[in-house]
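Asks: Next comes the sequence, and after it the predicted model I'd like to discuss.
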Protein chains: 2
Amino acid sequence: MESRCENCIIRQFNSLRAMSKEELKHVSDSKITKTVKKGEALFEEGDKLNGVYCVRNGISKLSKLSANGKDQIVKLATKGEVLGQRSVIAEESTNLSAIAVQDMEVCFIPKESITNTLQKNPNFTMEVLRHMAHDLKEADDVIVNISQKTVKQRIAEAFLYLKNNFGEDEQGFLALTLSREDISNVVGTATESAIRIISEFKKLGLIHTSGKKIGIKDERKLMEMVEGF
Amino acid sequence: MESRCENCIIRQFNSLRAMSKEELKHVSDSKITKTVKKGEALFEEGDKLNGVYCVRNGISKLSKLSANGKDQIVKLATKGEVLGQRSVIAEESTNLSAIAVQDMEVCFIPKESITNTLQKNPNFTMEVLRHMAHDLKEADDVIVNISQKTVKQRIAEAFLYLKNNFGEDEQGFLALTLSREDISNVVGTATESAIRIISEFKKLGLIHTSGKKIGIKDERKLMEMVEGF
DNA sequence: GGGATTCTATGACAATTGTCAGGTTTAGGA
DNA sequence: TCCTAAACCTGACAATTGTCATAGAATCCC
């Protein structure tokens, strides 16, 4: 499994694709491949990162602890995403924790490889900038959603998001299974409220469940619900 | 008032400071200084921007319309900030509207000046990247605040924010006077709820008001309230 | 396999927040 | 100045959401 970045398909999805052959070689020589088990942390809020993590497989939640002791999940990162970029660039400690919600395979890339390339390869810098611009827009959207939509709408939206971004398994369940608590932390509500609404959706025939697994039954109605009908 | 960017102090506050003398000259030659009256828009959500706006004076709200017809204010931008950068970099139409909440003086800089410099001056690109990283962190904080704090806490926090970022006038009122509606759009609540809580704060002796103007009387208690006491 | 622990579920209730409906005040233009 | 429109304010009520308590189901680990 000891493969080279030059041959890694994953990098096509992120800013590493703007690196030159040589830069990639350097990254490949300095990178460390790690396995992270479900529930384990890649890094925790406040950590000083001395590198970034390129996700090869699995999914991580990026969350932030609030004063009242609840986690707010800000983003779910999957194959191809680079975590910790923001902190390395701003030279600050991270404002988010990254915890695996599925077993993961990641490549740790020391920050020197990144900062060196940033200084020498404008294309790479520009590519990173574009990604960051995209993330910022997404964050704005989250702000608007969370503050203007009801919990019910946000949960409906979360399910659609999970389907669109992570797909479904053979039996029609969402491929990414989150605990009820994680779901409530994504939409920013109490776990009990999330559970109650999930039950309601089930009664309404919008979804079906099996254990933790959730499947979408009536996508159209869910979409209408998000829009406020 | 037709001044040159090379001499403009404002640029010390933003990424333009990483430009070379020559680049600044070019920007200065191509820029257009504009006055924007309170209530007028610099640009509206969905517009294709062919440049960025450097704020010389006054304050603008950056907001996004939600499905239910309410504006959510995502950020308040003041002297020194550059608006529209994200859209120009990502080559997308804007996701936000920028509307003056005070009379403003801004310099419009055509996007060619920006993109050219981005291609040629890595220092500038890096500086822009750092700013964007900062904005992204702030956005994350807003997400957590808005989803985990009560309306009362968010309003208290908003007042402290306004004091810290825009200061007070001679009589001890917040220098930036927002309408009750704008306040409610910052914290993401109904206007009536905001008004009610402002009345309550007044009764509790936390603030005092005169017309629209609001002054902070008991900063410590407001801070405690934000923390959840 | 069994016991402990964590996760899910539901009820009852209280607190928060939004909505509607009305008033009053303020600000700006004719 | 006065008139009008907009902004502000308050009450009453309903809907939403959070909290606490409790119980069953699933899962993990020895």
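Replies: Cool, got the structure. Numbers count the residues shown, from 1 in each chain, chains lettered A, B, ... in the order given.
Asks: So which residues of chain A form strands?
Replies: With DSSP state E as the criterion, chain A has strands at A:32-36, A:41-43, A:51-57, A:60-65, A:71-77, A:82-83, A:97-100, A:104-110, A:207-210, A:213-216.
Asks: Make CSV out of those and add distance to residue B:222 and mean neighbour count.
Replies: Every residue, glycine included, has its C-beta placed from N, CA and C. CSV is the format used below for the strands of chain A (distance: least, CB to CB, whole Å; neighbours: other CB atoms under 10 Å in any protein chain shown):
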stretch, distance to residue B:222, mean neighbour count
strand A:32-36, 41, 14
strand A:41-43, 33, 19
strand A:51-57, 38, 22
strand A:60-65, 22, 22
strand A:71-77, 23, 22
strand A:82-83, 36, 22
strand A:97-100, 29, 22
strand A:104-110, 42, 21
strand A:207-210, 43, 16
strand A:213-216, 42, 18
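Asks: which one's the longest helix in chain A?
Replies: Assignment by DSSP state H gives helix A:122-148 as the longest helix of chain A.
Asks: Wondering if that helix reaches chain B at all.
Replies: Yes: under the criterion of CB under 8 Å from any CB of the partner chain, chain B is reached by helix A:122-148 at A:122, A:125-126, A:128-130, A:132-137, A:139-148.
Asks: Among those, the buried ones, what's the PyMOL command?
Replies: Listed next is the PyMOL selection for buried residues among the residues of helix A:122-148 next to chain B, using 16 or more other CB atoms under 10 Å in any protein chain shown:
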select buried, chain A and resi 122+125+126+128+129+130+132+133+135+136+137+139+140+142+143+144+145+146+147+148
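Asks: And for the closest residue to residue A:47 other than its chain neighbours, the neighbour number?
Replies: The shortest distance from residue A:47 to any non-neighbouring residue, by CB to CB, 6 or more residues apart in numbering or on different chains, is to residue A:94 (5.4 Å). By other CB atoms under 10 Å in any protein chain shown, the residues close to residue A:94 number 23.
Asks: where does chain A dip in pLDDT?
Replies: In the prediction, chain A carries residues with pLDDT under 70 at positions A:1-2.
Asks: just the residues of it that are near DNA strand C, which are they?
Replies: A:179-181, A:191-192, A:195-196, A:198-199, A:209, A:212 (CB under 7 Å from any atom of the strand).
Asks: switch to 6 Å and redo it
Replies: Within chain A, the positions near DNA strand C by CB under 6 Å from any atom of the strand are A:179-181, A:192, A:195-196, A:198-199, A:209, A:212.
Asks: I'd like to know which of the residues you listed are buried.
Replies: Here, 16+ other CB under 10 Å leaves residue A:198 buried among those.
Asks: Tell me the one of the residues of chain A next to DNA strand C nearest residue A:54?
Replies: For the residues of chain A next to DNA strand C, the minimum distance to residue A:54 (CB to CB) is 25.9 Å, reached by residue A:179.
Asks: How about the contacts made by that closest one?
Replies: residue A:212 (CB atoms under 8 Å, 6 or more residues apart in numbering or on different chains).
Asks: how close does it get to residue A:77?
Replies: Separation of residue A:179 from residue A:77 (CB to CB, to the nearest Å): 17 Å.
Asks: One more: residue A:111?
Replies: For residue A:111, the distance to residue A:77 - CB to CB - is 18 Å.
Asks: Out of the residues of chain A next to DNA strand C, the closest to residue B:166 would be?
Replies: Residue B:166 has its nearest neighbour among these in residue A:181, at 38.8 Å by CB to CB.
Asks: hang on, the earlier thing: how about the strands of chain A in TSV, adding distance to residue A:165?
Replies: Formatted as TSV, these follow (distance: least, CB to CB, whole Å):
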stretch	distance to residue A:165
strand A:32-36	20
strand A:41-43	19
strand A:51-57	13
strand A:60-65	13
strand A:71-77	7
strand A:82-83	16
strand A:97-100	17
strand A:104-110	16
strand A:207-210	17
strand A:213-216	13
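Asks: any chance of these in a markdown table, with distance to DNA strand D too?
Replies: Formatted as a markdown table, the strands of chain A follow (distance: least, CB to the nearest atom of the strand, whole Å):
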| stretch | distance to DNA strand D |
| --- | --- |
| strand A:32-36 | 15 |
| strand A:41-43 | 16 |
| strand A:51-57 | 19 |
| strand A:60-65 | 15 |
| strand A:71-77 | 11 |
| strand A:82-83 | 25 |
| strand A:97-100 | 14 |
| strand A:104-110 | 16 |
| strand A:207-210 | 8 |
| strand A:213-216 | 9 |
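Asks: closest one to residue B:65 among those strands?
Replies: Here strand A:71-77 is closest among these (CB to CB), at 22.5 Å.
Asks: Mind listing residues that contact that closest one?
Replies: The contact list for strand A:71-77 (CB under 8 Å, 6+ apart) reads A:55, A:59-66, A:83, A:96-98, A:101, A:135, A:138-139, A:142, A:165-166, A:176, A:182, A:185-186, A:188, B:140, B:143-144, B:147-148.
Asks: Contact partners for the nearest residue to residue A:188 once chain neighbours are set aside?
Replies: Excluding the flanking residues, the one nearest residue A:188 by CB to CB, 6+ apart is residue B:147, at 2.9 Å. Neighbouring residues of residue B:147 by CB under 8 Å, 6+ apart: A:66, A:72, A:146-147, A:187-189.
Asks: hmm, try it at 10 Å
Replies: For residue B:147, the contact set (CB atoms under 10 Å, 6 or more residues apart in numbering or on different chains) comprises A:66, A:70, A:72-74, A:142-143, A:145-147, A:154, A:185-189, B:188.
Asks: what does residue A:156 give?
Replies: Residue A:156 makes contact with A:149-150, A:187, A:197, A:201, A:206-207, A:216, A:219, A:221-227, according to CB under 10 Å, 6+ apart.
Asks: With residue A:100 instead?
Replies: Residue A:100 makes contact with A:35-42, A:55, A:58-61, A:106, according to CB under 10 Å, 6+ apart.
Asks: Can you give the distance of the longest helix of chain A from its chain's centre?
Replies: Using CA atoms, centre = their mean, to the nearest Å, the mean C-alpha position of helix A:122-148 is found 13 Å from that of the whole chain.
Asks: Repeat that for stretch A:7-16.
Replies: With CA atoms, centre = their mean, you get 17 Å for stretch A:7-16.
Asks: how close does residue A:82 sit to residue B:67?
Replies: Relative to residue B:67, residue A:82 is positioned 32 Å away (criterion: CB to CB).
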